[in-house]
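Student: Make a model of this:
(one chain, ligands or ions: 2)
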Amino acid sequence: MAEALLTVAGLTVAYADVRAVEGVDLNVSAGEVVALIGANGAGKSSLLKGLMGLEARVQGNITFAGSDLAGLSPLRRARLGIGYVPEGRRVFPGMTAEENLLVASREDSAARTVRTAEMYALFPQLAVRRHAPAWQLSGGEQQMLAVARALMTRPRLLLVDEPTLGLAPATAQSVIRVLRGIAASGAAVLLAEQNARAALATADRAVLMRLGRIEASGTAKAIAGDERLLRSLMGG
Ligand SMILES: Nc1ncnc2c1ncn2[C@@H]1O[C@H](COP(=O)(O)OP(=O)(O)OP(=O)(O)O)[C@@H](O)[C@H]1O
Ligand SMILES: [Mg+2]
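Tutor: Numbers count the residues shown, from 1 in each chain. Ligands and ions are numbered 1, 2, ... in the order given. This next block holds a predicted model:
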């Protein structure tokens, strides 16, 4: 098997008085969607932030495309090819949808135009709303815009934090389906979700987190079939 694009070993992310992530090992290969599933406070966001270099107290090894990420700033990580969509779809509200896309790119204007068109092909709804200010977009459209913006730089690995939060089921499914397409085009996707059903329906593999640690992992299909495990993890 080819070497994973992202390899994480013994990752710990700590805040002043809490260890949000403890001793996590995982890997993600090009072309696959890995779902990171856990309840509120499990450490999903902290793990993604640790990978992106957004938290100060991080220990362990992170290797991406053969590079050790230790000590690299978030910007350096982004330039190596890691895209990040934070929780809460933080688009620039006063800019149009199109401006949100254009500002994310460092390419020349011809290349940016090509890439923007690719994003509109991926999210046809954004093409319709391209000249609307982002604050006027629906929650689902804003989430699509947040994902499209992260894709403008053609990342090799996309970290996505709870893209379905607050979306109607059909919209949630369409956002997640796009992630499948992104992986099919050769990128790797690490998808943090509380919406276990939606994530498992799309992912290749799943990693279940509880209290900062990995509780179980396996193929999405096997995990989806383990009702008892999911119920104990997510409650309800
Ligand atoms: N900036 C912070 N300072 C202190 N503690 C934090 C901070 N961010 C998160 N935590 C704590 O770290 C733990 C993990 O939080 P995290 O946000 O990573 O979980 P999560 O799995 O993303 O949860 P959710 O599904 O609610 O987004 C929680 O106990 C949380 O309270
Ligand atoms: Mg979170």
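
Student: for the helix or strand containing residue 222, what is the average pLDDT?
Tutor: Assessed by DSSP states H and E, residue 222 sits inside helix 220-224. For helix 220-224, mean pLDDT is 96.

Student: buried stuff in whichever helix or strand comes after it?
Tutor: Moving toward the C-terminus from helix 220-224, the next helix or strand (DSSP H and E) is helix 227-234. Residues of helix 227-234 classed as buried: 230, 233, 234 (neighbour count, 16 or more other Cβ atoms under 10 Å). The C-beta positions use only the backbone N, C-alpha and C, and glycine is treated the same way.

Student: and residue 50, how many neighbours does it have?
Tutor: 26 (other Cβ atoms under 10 Å).

Student: How about the secondary structure of it?
Tutor: At residue 50 the chain is in helix, as set by DSSP: H, G, I helix; E, B strand; the rest coil.

Student: Could you double-check that residue 196 lies in contact with residue 230?
Tutor: Yes: Residue 196 lies in contact with residue 230 (Cβ atoms under 8 Å); the separation is 5.7 Å.

Student: what's in contact with the longest helix anywhere in the chain?
Tutor: In the chain, assigned by DSSP state H, the helix with the most residues is helix 169-184. For helix 169-184, contacts defined as Cβ atoms under 8 Å, 6 or more residues apart in numbering pick out 31-33, 122-123, 139-140, 143-144, 147, 151, 158, 160, 163-164, 167, 189, 191, 195, 198-199, 201-202, 204.

Student: Now do the helix or strand that comes right after it and helix 169-184, the angle between them.
Tutor: Downstream of helix 169-184, the next assigned helix or strand under DSSP H and E is strand 188-193. Angle, strand 188-193 to helix 169-184, by axes from the mean of the first three to the mean of the last three Cα atoms, to 10 degrees: 160 degrees.

Student: Beyond strand 188-193, next helix or strand please.
Tutor: Trace forward from strand 188-193 with DSSP H and E and the next one is helix 196-202.

Student: name the helices or strands packed onto the helix or strand just after that next one?
Tutor: Downstream of helix 196-202, the first helix or strand assigned by DSSP H and E is strand 205-210. On a contact count with 3 or more Cβ pairs under 8 Å, 6 or more residues apart in numbering; DSSP states H and E, strand 205-210 meets strand 33-37, strand 213-219, helix 220-224, helix 227-234.

Student: which residues are contacting strand 205-210?
Tutor: Residues contacting strand 205-210 (Cβ under 8 Å, 6+ apart): 24, 26, 32-39, 42-44, 47, 199-200, 214-220, 223-224, 229, 233.

Student: Buried ones only from those, please, as a PyMOL command.
Tutor: For the buried members of those, the matching PyMOL selection, counting by 16+ other Cβ under 10 Å, is:
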select buried, resi 24+26+32+33+34+35+36+37+38+39+42+43+44+47+199+200+214+216+217+220+223+224+233
